[in-house]
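Asks: let me see the structure of the following:
(chains A, B, C and D)
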Number of protein chains: 2
Amino acid sequence: MPLGAPHERSDAARNRERLLNAARDLVAEFGAEALTMDALACKAKVGKGTVFRRFGSRAGLMMTLLSDSESEFQAGFMFGRPPLGPGAAPRDRLVAFGEGRIYFVLENGELLKAAGAATRNRFDVPATKLSHRHMEVLLREAGIADPWVMAMSLTYALDPERIVDDVRVRGISPTRLADSWRELITRLVDPA
Amino acid sequence: MPLGAPHERSDAARNRERLLNAARDLVAEFGAEALTMDALACKAKVGKGTVFRRFGSRAGLMMTLLSDSESEFQAGFMFGRPPLGPGAAPRDRLVAFGEGRIYFVLENGELLKAAGAATRNRFDVPATKLSHRHMEVLLREAGIADPWVMAMSLTYALDPERIVDDVRVRGISPTRLADSWRELITRLVDPA
DNA sequence: ATACTAAACGGACTATGGTCCGCTTTCTAT
DNA sequence: ATAGAAAGCGGACCATAGTCCGTTTAGTAT
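Replies: You can find the predicted model right below:
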């Protein structure tokens, strides 16, 4: 896939397929949290070293598993229709972004938590960087003095762990989260 | 210490001292991140089981190590002088709280990260609950519609990992963080 | 076909947080 | 002092992410 891809070896390709299938099966059956790298290697009939060569870490595996739905969500706010996509006022786009994110997280919560878990990965996740940048741009348009830092605050406010725990552990409804996000953005951004 | 404390046994007290001293030494010398429970047990000349009996987990140990400075910070916003303590407008107290928190985190960052690390502990930390509640009260006074949820958003915006990484990894100055926090609160809370 | 090379493989090994449970010590009641 | 009970102790043991390195194998050049 990368540009200089020097011809993926056939055995490598075969093992990648096996691993991805095994991983999806395991996640479907036992949930992402319960997936261990040993179990995955075993189920895919592959050595443990191979798993780590392929994905680098447990978090890397989770990111790979997420990439499809993540791309879809990204396409939504980058190229989709307003108010999520381009064409609406920054404030409305931010509101829509947060709402979309909340529901996206609730659908893929386990995977996202596991993906961000490995310390130092929280912000190295490319998808997170992209979301941050997206918010940064909108905040700048909206006249925020330090959009980069503000986007970081908002990124953490939308942290997967936070959202999942609010809903599943602390019993807050998604709607309530979305309403509060709207209030936050509405007050933060001048009506323009 | 707790009310029904049924007389702490002398050997237990002795070991607690040993462990606390050893832990402080290790943190001072190698940093909190590098502290392993095995090393601690060994240095304190105590069995590993004893370490876990005493503190429950690595996160528990870190919390214990933090408790002094944490209490001090808490006293500041609960009983201190305005604008951090009672007597100032909610908006000003929130601004001061965030600033104080930022500098507190930068002083105790490693410990705080380690304390919150153990998944499911992030919000079970009593100190975090107290901070959350404090902000909730101020936000309610300030006329926020859903102060509980908003306080949660702000709690995550002040996440130790976020603050430490912004400053130490991404090179944002503490001042810049504090300014952005001020902007956030100022816009969020009506000037009242 | 053959030989060569770099990639890929696999599983033993390490590091570390946390658990378990039989043994020891302290305290208390007599 | 003594005995009994409860608290405490310790370190072997477990689970799991991640590393290492000697061996195998897929492509390639001749």
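Asks: contacting residues around stretch A:104-119?
Replies: When contacts are defined by C-beta atoms under 8 Å, 6 or more residues apart in numbering or on different chains, stretch A:104-119 is touched by residues A:27, A:31-33, A:35, A:57-59, A:62-63, A:65-66, A:69-70, A:73, A:121-122, A:125, A:128, A:158-161, A:163-164, A:167-168, A:174, B:117, B:119. In short, each C-beta sits where N, CA and C put it, glycine included.
Asks: list the buried residues of that stretch.
Replies: Residues A:104-106, A:108-117 are the ones in stretch A:104-119 that count as buried (16 or more other C-beta atoms under 10 Å in any protein chain shown).
Asks: looking at that stretch now, give me its mean pLDDT.
Replies: Taken as a whole, stretch A:104-119 has a mean pLDDT of 86.
Asks: CA atoms of that stretch as PDB?
Replies: Output in PDB follows, covering the C-alpha atoms of stretch A:104-119 (Å, rounded to 0.1, in the frame of the first residue of the first chain):
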ATOM      1  CA  PHE A 104     -18.900   7.000  16.700                       C
ATOM      2  CA  VAL A 105     -17.100   6.300  20.000                       C
ATOM      3  CA  LEU A 106     -20.100   4.600  21.400                       C
ATOM      4  CA  GLU A 107     -20.200   2.200  18.400                       C
ATOM      5  CA  ASN A 108     -16.400   1.500  18.500                       C
ATOM      6  CA  GLY A 109     -15.700   2.200  22.100                       C
ATOM      7  CA  GLU A 110     -13.800  -0.900  23.100                       C
ATOM      8  CA  LEU A 111     -11.500  -0.800  20.000                       C
ATOM      9  CA  LEU A 112     -10.900   2.900  20.500                       C
ATOM     10  CA  LYS A 113     -10.000   2.500  24.200                       C
ATOM     11  CA  ALA A 114      -7.700  -0.300  23.400                       C
ATOM     12  CA  ALA A 115      -6.100   1.600  20.500                       C
ATOM     13  CA  GLY A 116      -5.300   4.600  22.700                       C
ATOM     14  CA  ALA A 117      -4.400   2.600  25.700                       C
ATOM     15  CA  ALA A 118      -0.700   2.000  25.100                       C
ATOM     16  CA  THR A 119       0.800   5.100  26.800                       C
END
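Asks: how far out from the middle of the chain is it?
Replies: When C-alpha coordinates are averaged (C-alpha atoms, centre = their mean, to the nearest Å), stretch A:104-119 and its chain have centres 7 Å apart.
Asks: what does stretch A:46-58 give?
Replies: Counting by C-alpha atoms, centre = their mean, stretch A:46-58 is centred 21 Å from the centre of its parent chain.
Asks: do it and DNA strand D come into contact?
Replies: Yes. Contact of stretch A:46-58 with DNA strand D (C-beta under 7 Å from any atom of the strand) involves A:K48, A:G49, A:F52, A:S57, A:R58.
Asks: good, we can wrap up now.
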